[in-house]
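Enquirer: need the 3D shape of this:
(one chain, ligands or ions: 1)
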Amino acid sequence: GTLPSPDPAALRAVLDAAVGRGAPGATARIDDRGTVTEVAVGLADRRTGRVLDGRDRFRIGSVTKTFSAVVLMQLADEGRLDLDAPVNRYLPGLLPDDAITVRHVLGHRSGLYDYADRLFARTVPGFEAVRTRVFTYRELVDLSLRHPRLNRPGAAYSYANTNFVVAGMLIERLTGHPVGAELRERVFRPLRLRDTFYVHPDTAIPGRHARGYLTPDRPGDALVDATEQTVSWAQSAGAVVSSTRDVGTFLSALLSGRLTSPARLREMRRTVRVSDTQGYGLGLRRRDLPCGVSVYGHTGAVQGYYTYAFATKDGRRNLTAFATTSNNGPVLDTLAGTLDSAFCGKPPP
Ligand SMILES: C[C@@H](NC(=O)[C@@H](C)NC(=O)CCCC[C@H](NC(=O)C[NH3+])C(=O)[O-])C(=O)O
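Expert: Predicted coordinates:
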């Protein structure tokens, strides 16, 4: 059916509220079959006072997981990967249980512990301890395997960055190329995503970008400029840098069937229950909005940056929003309101 048209005034109000709750800046871009609504509020740089602009690049965090999943779905389409095969068939001896399949990993149902919970139990010290570190994939998986698994393979949804580190290892093992090269060849270049880069282990965001500020755990402590970091703790689970325009282009291309076969796209969108209004498929979240619209995409939370990136099931309308802080629940919850302004906006007259 026809969607309510986007509500630019509501969108601006949401972004103003996010800034009011502690984000230095917030911006959102809606692309409704070519009709673009773009709003930016606040600062890209607190030191210079430069205002945030919709074209500023930023760290998309876990939206990276959707990109990594697309590469593996393409490998499945090419007959080079069996989603129901044990991960250990491709990476012998990696995981302690042969029953963990590729599909379990891409759907966060492997039961593998999320090492990030441990790394960032204390937000600022945890970040400072890793911001310039370079990890191997194996080191990250080993961090996870020190802890008991949360569930038997396939038995439950339990989110873990570990799963998409394993996805990165699969990409490299199956193609013989680094994850960044496969993302460039299979996604960034074909879609002409000129603002999109896989940045690891370099700490600098290429070109003009918004600076990101980590909110400390202790209220009142100063924001920490977290813009420069290796993101080596996340890599194929969180190291892509992009722009709201490019992320929207990517999501619409994916959901309109331009990046995988129809069968693989159906598998990505086949979700398990996360909550009453949320599901997780393969590298893809589903959110059911109050107005009855279900949207597909991903959220992101890397130090200094919150992201919401969602589109309608057919990809005809997309929304990408980010705020330039993280570890700030009120900002994260407020920013979710961009989904309502984008997809449930003005009710039909
Ligand atoms: C949520 C999102 N996940 C991601 O984007 C991944 C890459 N991020 C995380 O797992 C959170 C890492 C800690 C961030 C830190 N928090 C703390 O340090 C808390 N002590 C911060 O908020 O910057 C997703 O999959 O939807």
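Enquirer: please enumerate the helices of the stretch 151-300 of the chain.
Expert: Assigned by DSSP state H, counting those that start in this stretch, the helices in the stretch 151-300 of the chain fall at 161-175, 179-183, 244-255, 262-269.
Enquirer: as a markdown table, these with mean neighbour count and distance to the ligand would be great.
Expert: Every residue, glycine included, has its C-beta placed from N, CA and C. Below are those laid out as a markdown table (neighbours: other Cβ atoms under 10 Å; distance: least, Cβ to the nearest ligand atom, whole Å):
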| stretch | mean neighbour count | distance to the ligand |
| --- | --- | --- |
| helix 161-175 | 24 | 5 |
| helix 179-183 | 22 | 15 |
| helix 244-255 | 25 | 13 |
| helix 262-269 | 17 | 15 |
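Enquirer: which residues does the most centrally placed residue in the chain contact?
Expert: With distances taken as Cα atoms, centre = their mean, Val63 lies nearest the centre of the chain, 1.5 Å away. Under the criterion of Cβ atoms under 8 Å, 6 or more residues apart in numbering, the contact list for Val63 reads Val240, Ser242, Val247, Gly297, His298, Thr299, Gly300, Thr307, Ala309.
Enquirer: for the third one, which non-adjacent residue is closest in space?
Expert: When you say that, I think you mean Val247. What sits nearest to Val247 in space, not counting adjacent residues and going by Cβ to Cβ, 6 or more residues apart in numbering, is Thr320, at 4.3 Å.
Enquirer: could you dump the strand or helix carrying the one you found to PDB, C-alpha only?
Expert: Using DSSP states H and E, Thr320 sits within strand 317-323. What follows is strand 317-323, C-alpha atoms only, in PDB (Å, rounded to 0.1, in the frame of the first residue of the first chain):
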ATOM      1  CA  ARG A 317      12.100   4.500   0.600                       C
ATOM      2  CA  ASN A 318      15.200   4.600   2.900                       C
ATOM      3  CA  LEU A 319      16.200   6.500   6.000                       C
ATOM      4  CA  THR A 320      19.700   6.900   7.300                       C
ATOM      5  CA  ALA A 321      20.300   9.000  10.500                       C
ATOM      6  CA  PHE A 322      23.200   9.400  12.800                       C
ATOM      7  CA  ALA A 323      24.100  11.300  16.000                       C
END
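Enquirer: just confirm yes or no for that strand near the ligand.
Expert: No. Strand 317-323 stays clear of the ligand (Cβ under 6 Å from any ligand atom), getting no nearer than 11.1 Å.
Enquirer: continuing past that strand, what's the next helix or strand?
Expert: Downstream of strand 317-323, the next assigned helix or strand under DSSP H and E is strand 325-326.
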